[in-house]
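Colleague: Provide a 3D model corresponding to the input given below.
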Amino acid sequence: MKKVLSVLLLFLLAGSLNAGNKDKLFKPNHIKKVMKKATFWQLKNPKHKLYDWTNGAFYAGVFAAYETTGSKKIWKALMEMGEANEWKPGPRLQHADDHAICQTYIDIYRIEKDEKMIAPFRETADKIMATPYKTGEIRPITWWWCDALFMAPPALVKLGVTLGDDKYLEFNDRLFKETYDLLFDQEEDLYARDIQYKTDWKEPRYEANGEKIFWSRGNGWVMGGLVRVLEELPADYKNRQFYEDQFLRMASKIKALQQADGLWRASLLDPQSYPGGESSGSGFYTYALAWGINNGLLDKEEYQPVVEKAWIGLNGLLQADGHVGWTQPIGADPRANFSNDSWAVYGTGAFLLAGSEVIKMDW
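Modeller: I've put the predicted structure just below:
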């Protein structure tokens, strides 16, 4: 109990301090400053292979930081990453995690117009479509875990839009809909992490308070993925409404689950069991909700106070040296412990994506 109280006091204090500096936190110069600070610290402290899914999320944020700040140093880091990877996805053909980094390749290609930057992923995507996925009881579909909806869909849709070829968009529609049918909870408007967390599969899994288990970062991955898909899809694309409807339902639910410090807990429906505000899920929600306001999908009066509290809370997680603390380690559920010293590259990526949309808002 003492540990829980101390954690809550820490976050309330951080929120109070940041609230006192509210005007500063929303100034463009401050947002650019903290985005650079987080980017440069993370670049100096790399982790995992550069094509890894963790870096797929990080470099999505790095590209957003480049667009926001225009930093030549950040651009240089993006180019160095692509060259080091030879502009290739990860080695697993059918695994969505190994396609996440390709989002950034395509973003860079759109500036550089160098075919080598997208050719490997185009070849991979074509091969995926021609290669049936081997299913099983736990993995009955290609994208059987909700995180996948951040990893592969934006890459496929970006590729299709860039090439002017709807076959990549239609392939994404089919696989995304399979994941939706398998994992989206129609009562809670949230995604189960995978089939093992669905209450109709073998033994149901519940939190200590009796609620279903819905992992914050897992649903953050989904909302981030939805935003990145919607940002690409043409307004008149035949299946765009499918993605908009999901986004609106999830946004409403996520708004209702925000905690007093502006952040979200690792377990969305049982915040008391994991009291620390978790940076990666919170970062993705801030990014998605701010994007929704900026693009006219979400009502500004209703959702801007949510984003405001969230950005204040996220700034409280940025440590003095530049690392984004309170990031839950790699896992598949809410249970891992974390603290202000806990960081991961995807936590930084989520923070950067959030900043890239918050700076566009009318404060």
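
Colleague: element containing the closest residue in space to residue 221 that isn't next to it in sequence, please.
Modeller: Spatially, and ignoring its direct neighbours in sequence, residue 221 is nearest to residue 150 (3.9 Å; Cβ to Cβ, 6 or more residues apart in numbering). For every residue, glycine as well, the C-beta is placed using N, CA and C. Following DSSP states H and E, one finds residue 150 within helix 148-151.

Colleague: what's in contact with that helix?
Modeller: Applying Cβ atoms under 8 Å, 6 or more residues apart in numbering, the contact partners of helix 148-151 are 53, 56-57, 96-97, 99-100, 143, 176, 179, 191, 221-222, 224-226, 228, 284.

Colleague: show me those that map onto helices.
Modeller: With helices taken from DSSP state H, the overlap with these comprises 53, 56, 57, 176, 179, 221, 222, 224, 225, 226, 228, 284.

Colleague: of those, closest to residue 90?
Modeller: Each of these was scored against residue 90 by Cβ to Cβ, and residue 53 proved nearest at 7.7 Å.

Colleague: can you tell me the element residue 288 falls in?
Modeller: Going by DSSP H and E, residue 288 is in helix 279-294.

Colleague: what about that helix, distance to the chain center?
Modeller: Computed by Cα atoms, centre = their mean, to the nearest Å, the separation of helix 279-294 from the middle of its chain amounts to 8 Å.

Colleague: show the average pLDDT along that helix.
Modeller: For helix 279-294, the mean per-residue pLDDT is 98.

Colleague: which other helices and strands does it contact?
Modeller: helix 216-230, helix 240-257, helix 300-315, helix 345-358 (3 or more Cβ pairs under 8 Å, 6 or more residues apart in numbering; DSSP states H and E).

Colleague: redo that, cut-off 10 Å
Modeller: Using 3 or more Cβ pairs under 10 Å, 6 or more residues apart in numbering; DSSP states H and E as the contact test, the elements touching helix 279-294 are helix 53-69, helix 216-230, helix 240-257, helix 300-315, helix 345-358.

Colleague: comparing those helices, which comes out most buried?
Modeller: Of all those, helix 345-358 carries the top mean neighbour count, a mean of 30, counting by mean count of other Cβ atoms under 10 Å.

Colleague: neighbours around residue 110, how many?
Modeller: 13 (other Cβ atoms under 10 Å).

Colleague: repeat that for residue 280.
Modeller: Other residues close to residue 280 by other Cβ under 10 Å number 30.

Colleague: what of residue 163?
Modeller: Residue 163 has 14 neighbouring residues, counting by other Cβ under 10 Å.

Colleague: right, and residue 75 touches residue 104 too?
Modeller: No: using Cβ atoms under 10 Å as the test, residue 75 is too far from residue 104 to be in contact (11.8 Å).

Colleague: where does this structure have low pLDDT?
Modeller: Along the chain, the parts satisfying pLDDT under 70 run over 1-20.

Colleague: the same query, at a cut-off of 80, please.
Modeller: Residue ranges of the chain with pLDDT under 80: 1-21.

Colleague: nearest to residue 40, of the ones in helices among the contacts of helix 148-151?
Modeller: Of all the ones in helices among the contacts of helix 148-151, the one with the least separation from residue 40 (Cβ to Cβ) is residue 57, at 17.5 Å.

Colleague: which residues touch the closest one?
Modeller: Neighbouring residues of residue 57 by Cβ atoms under 10 Å, 6 or more residues apart in numbering: 100-101, 103-104, 147, 150-151, 220-221, 224, 280, 283-284, 344-350, 352-353.

Colleague: cool, and residue 360?
Modeller: Contact analysis of residue 360 by Cβ under 10 Å, 6+ apart lists 28, 31, 68, 290, 291, 293, 294, 295.

Colleague: quick check: buried residues in stretch 124-144?
Modeller: Across stretch 124-144, burial judged by 16 or more other Cβ atoms under 10 Å covers 124, 125, 128, 141, 142, 143, 144.

Colleague: ugh, typo on my part, it should be stretch 270-278
Modeller: 270, 271, 273, 274, 275, 276, 277, 278.

Colleague: rewinding a little: got TSV for the helices and strands packed on helix 279-294, with distance to residue 187 too?
Modeller: Formatted as TSV, these follow (distance: least, Cβ to Cβ, whole Å):
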stretch	distance to residue 187
helix 53-69	29
helix 216-230	15
helix 240-257	10
helix 300-315	22
helix 345-358	27
